[in-house]
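Engineer: Provide a 3D model corresponding to the input given below.
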Amino acid sequence: MSFEIGDKITFIDDAVDGVVKSVSGDKIIIETEDGFDMNCIESEIIKRGGFDDEMSSFIDDRTFDRIMKENSMDKQRASVKRESRKDDYLVEIDLHIERILKSYKHMSSGDILEYQLNRAKYLLEKIMRGGDKKGLVFIHGHGDGVLRSELYSMLRRYPVQFYDGDYAKYAGGATEVMFN
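Structural biologist: Predicted coordinates for the structure are as follows:
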């Protein structure tokens, strides 16, 4: 499938939509709905349109925001924590589902993962838009490593550097993200 400047797209493995900004060989630059440029290749995206456009993401932004507001625990109690380390101003974001939703027992593991990734994307872009932070830490825990792997896949599309969080503090269950 060939893409042209102006095509509306969605990422196959992420809940990210956007518009093709440039095409150069197999490299494509997408401008997300939030105004960020993301690099990708043709096999990572599909064109949107018609019925597919309505089904292009698991949860649209308006629904995600509503769910976050209705289902948040005491203003995200313990799920977002500010911390000062050296000269960096970091924000800790706990992605454990029991920390961000009151009720999740009705959700499948796939739905939970999608919710956690949507939350990570939403907060990452919100903090990047603010511009006054140097970085953040996503706390994802150990488990089977699925959330960490999917988080890394998502982060590769943003102009950030990321690596394992401080082992002494997070024991390998966190990813630190620094903005370029």
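Engineer: domains of this structure?
Structural biologist: Split into domains by automatic domain parsing, the chain comes to 8-54, 61-179.
Engineer: where's the last one relative to the chain centroid, distance-wise?
Structural biologist: On the basis of CA atoms, centre = their mean, to the nearest Å, domain 61-179 is displaced by 8 Å from the centre of the chain it belongs to.
Engineer: same list (the domains of the chain) but as TSV, adding mean pLDDT and mean neighbour count.
Structural biologist: All C-beta spots, glycine's among them, are computed from the backbone N, C-alpha and C. Putting the domains of the chain into TSV (pLDDT from 0 to 100; neighbours: other CB atoms under 10 Å) gives the following:
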stretch	mean pLDDT	mean neighbour count
domain 8-54	78	15
domain 61-179	78	15
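Engineer: select, out of those, the one closest to S2.
Structural biologist: Nearest to S2 among those is domain 8-54 (7.9 Å), distances taken as CB to CB.
Engineer: grab the nearest non-local neighbour of the residue nearest in space to the middle of the chain.
Structural biologist: Centroid-nearest residue in the chain, with CA atoms, centre = their mean: K121, separated by 2.2 Å. Spatial nearest neighbour of K121, chain neighbours left out: M154 (6.2 Å); criterion: CB to CB, 6 or more residues apart in numbering.
Engineer: settle this for me: the one you found is touching N118, isn't it.
Structural biologist: No: applying CB atoms under 8 Å, one finds M154 not in contact with N118, separated by 9.9 Å.
Engineer: contacts for stretch 23-39, please.
Structural biologist: 3-5, 9, 16-22, 40-42, 45, 61, 125, 128-129, 157-159 (CB atoms under 8 Å, 6 or more residues apart in numbering).
Engineer: ok now that stretch, how far from the chain's centre?
Structural biologist: Its chain's average C-alpha position is 16 Å from that of stretch 23-39, according to CA atoms, centre = their mean.
Engineer: now the terminal residues of that stretch, how far apart.
Structural biologist: Counting by CA to CA, to the nearest Å, you get 10 Å between the two ends of stretch 23-39.
Engineer: now the helices for this structure?
Structural biologist: For the chain, the helices defined by DSSP state H cover 50-54, 61-71, 97-100, 109-130, 146-155, 167-170.
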